[in-house]
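Enquirer: Structure for this input, please:
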Amino acid sequence: MSAARPRVALDVTPLLGFRTGIGLSVQETWAALSALGDGPTLIPYALGLRARTGSDGLPAGIRVVRLPTRALLAAWSRRDVPRLDLWLADADVVHATNFVVAPSRHPTLVTVNDIGFVLDPGSANAVVATFPAVLRRAIARGAHVHVTTEHVAAEVEEHFGPGLVAAGRISVVPFGIPALGPKGSVSPAVAGRLAGRPYVLAVGSQERRKNLPRLVGAFARVADRRSDLALVLVGAEGPDTPAVRDAVARLPREVGERVVLAGPVGPGARRALLEGAALLAYPSLYEGFGFPPLEAMTVGVPVVAARVGAVVEVAGGAAELADPADVDDLAAALERVLSDPDLRARLVGAGRARTSAFSWERTARGLASVYARLASSS
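Expert: Numbering: from 1, shown residues only. Alright, predicted model coming up:
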């Protein structure tokens, strides 16, 4: 083993199924690490009964730990068995990319994308509810933590420390921006609902922290003055879907008909909807990073974002900010961006400049440095 080029076992489980933000981050990180001429040797592994060698979209040579994920999490939340060293014996470092940290004799890095499951435990499903205990045990064993923003670093220090920062056990390595790929076509159903209207776009699964019911309320205030404006919500249904549907149902019929629940869309349609939007709204109550604002900025679309922690950090002054808990403030921000050409131009220019701060090569080199440090300390 060379400490400069260690053998890194990297969890690619998030590549299974429809890829949300975490899946996209693992996809792009894997590609960027693989492209480094002087980077680590990667050993892909995946957990669970769904993972299979040769599965579509999974890297070649994957090692599959075919044990039930829920059973593994239940075990790892209470004790340090089973270990994954049987599958990963030749690794120098293990990188758990999605909170799920397996006990191992190897130095371990765990990516903590956010700590929403700690701050709002009521929104966590049965699997996510095990994450705090699994993380605490891993940190007690000496795991190093990777976060993508200073805001989440401070949260991890507060809730899983103290002493992690002082000990050099938290590394802040931001993600890049997922490649949007070529523009595709929007489904006839969505295109028919829009019929050439200008629209506000929101991208995110329907969970409580995405704050979509308040966005619907803010849209209604703006739509009263703009009879041609639509709202498009892109993302999978989730635990907040009933609240989203109720918010739409409470609107006057003519306004409610302009809210389009597009569901999850493929990469081509995602790009088409981004490029066609009058603005992107990102009203989240909480995020650890946030790809959609950066994606919108890459295609010259202005952004209205929540004035909260990591969202402000990532936007870096290139978004119009609003209090996500205040429907009136959110509506006012939407109206400002829709009505002020100078503001729109400033946001577009600032957005394009902001995106230059993020690249997957920088992510890969930052992680490679962490891997080398962990490998040399073992």
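
Enquirer: what's the helix ranked longest in the chain packed up against?
Expert: Longest helix of the chain, by residue count under DSSP state H: helix 360-377. Counting contacts by 3 or more CB pairs under 8 Å, 6 or more residues apart in numbering; DSSP states H and E, helix 360-377 is packed against helix 21-35, strand 93-96, strand 108-111, strand 144-147. (Glycine included, C-beta is placed from N, CA and C.)

Enquirer: Give me whichever of those is most buried.
Expert: strand 93-96 (a mean of 27; mean count of other CB atoms under 10 Å).

Enquirer: Extract the C-alpha set from it and format it as PDB.
Expert: Provided in PDB are the C-alpha atoms of strand 93-96 (Å, rounded to 0.1, in the frame of the first residue of the first chain):
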ATOM      1  CA  VAL A  93      -9.600   2.900   3.900                       C
ATOM      2  CA  VAL A  94     -13.300   2.500   3.900                       C
ATOM      3  CA  HIS A  95     -15.500   5.400   2.700                       C
ATOM      4  CA  ALA A  96     -19.200   5.200   3.800                       C
END
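
Enquirer: what helices or strands is it leaning on?
Expert: Looks like strand 93-96 contacts strand 7-11, strand 108-111, helix 360-377 (3+ CB pairs under 8 Å, 6+ apart).

Enquirer: in the last one, what's buried?
Expert: Of the residues in helix 360-377, 360, 363-368, 370-375 count as buried by neighbour count, 16 or more other CB atoms under 10 Å.

Enquirer: which two from the residues you listed end up farthest apart in space?
Expert: For these, the maximum inter-member distance is 21.7 Å, found between Trp360 and Ala375 (CB to CB).

Enquirer: give the contact list for the closest residue to Gly366 other than its chain neighbours.
Expert: Leaving aside its sequence neighbours, Gly366 sits nearest to Val173 (CB to CB, 6 or more residues apart in numbering; 3.6 Å). The neighbours of Val173, taking CB atoms under 8 Å, 6 or more residues apart in numbering as the test, are 146-148, 363, 366-367, 370.

Enquirer: Likewise for Pro198?
Expert: Pro198 touches 226, 228-230, 278, 338, counting by CB under 8 Å, 6+ apart.

Enquirer: redo that, cut-off 6 Å
Expert: 229, 278 (CB atoms under 6 Å, 6 or more residues apart in numbering).

Enquirer: May I have the phi/psi pair for it?
Expert: Main-chain torsions, Pro198, degrees, to the nearest 10: phi -70, psi 150.

Enquirer: on that earlier part again, make JSON lines from the helices and strands packed on strand 93-96 and add mean pLDDT and distance to Ala262 to it.
Expert: What follows is these, written out as JSON lines (pLDDT from 0 to 100; distance: least, CB to CB, whole Å):
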{"stretch": "strand 7-11", "mean pLDDT": "98", "distance to Ala262": "30"}
{"stretch": "strand 108-111", "mean pLDDT": "98", "distance to Ala262": "29"}
{"stretch": "helix 360-377", "mean pLDDT": "97", "distance to Ala262": "27"}
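
Enquirer: just to revisit the earlier point, what's the closest of the helices and strands packed on helix 360-377 to Gly204?
Expert: helix 21-35 (8.6 Å).

Enquirer: so how far is that closest one off the chain centroid?
Expert: When C-alpha coordinates are averaged (CA atoms, centre = their mean, to the nearest Å), helix 21-35 and its chain have centres 12 Å apart.

Enquirer: and what of stretch 243-258?
Expert: 27 Å.

Enquirer: Between the two ends of that stretch, how far is it?
Expert: Separation of the first and last residues of stretch 243-258 by CA to CA, to the nearest Å is 17 Å.

Enquirer: tell me the pLDDT at Asp56?
Expert: We note a pLDDT of 66 for Asp56 in this prediction.

Enquirer: if you average pLDDT over the helix or strand encompassing Glu158, what comes out?
Expert: Glu158 is part of helix 150-160 when elements are defined by DSSP states H and E. Per-residue pLDDT over helix 150-160 has a mean of 98.

Enquirer: Go ahead and name everything in contact with it.
Expert: Under CB under 6 Å, 6+ apart, the answer for helix 150-160 is 112, 114-115, 118, 139, 145, 147, 164-165, 170, 172, 288, 309-310, 313.

Enquirer: name the element Gly57 belongs to?
Expert: Here Gly57 is assigned to no helix or strand, by DSSP H and E.

Enquirer: give the contact list for the residue lying closest to it once chain neighbours are set aside.
Expert: Closest residue to Gly57 in three dimensions, ignoring its sequence neighbours and counting by CB to CB, 6+ apart: Leu15, at 5.4 Å. Each residue near Leu15 by CB under 6 Å, 6+ apart is listed here: 23, 26, 57-58.

Enquirer: hmm, 7 Å instead?
Expert: Counting by CB atoms under 7 Å, 6 or more residues apart in numbering, Leu15 touches 23, 26-27, 57-58.

Enquirer: Any chance of those residues in a markdown table with distance to Trp76 as columns?
Expert: Shown next, in a markdown table, are the contacts of Leu15 (distance: CB to CB, whole Å):
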| residue | distance to Trp76 |
| --- | --- |
| Gly23 | 21 |
| Val26 | 20 |
| Gln27 | 25 |
| Gly57 | 26 |
| Leu58 | 22 |
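
Enquirer: for those, which one is nearest Ala4?
Expert: Out of the contacts of Leu15, the member with the shortest distance to Ala4 (by CB to CB) is Val26, at 23.4 Å.

Enquirer: and the gap between the closest one and Phe160?
Expert: Val26 sits at a distance of 22 Å from Phe160 (criterion: CB to CB, to the nearest Å).

Enquirer: so how far is stretch 344-353 off the chain centroid?
Expert: That offset, for stretch 344-353, works out to 23 Å (CA atoms, centre = their mean).

Enquirer: Alright, I will stop here.
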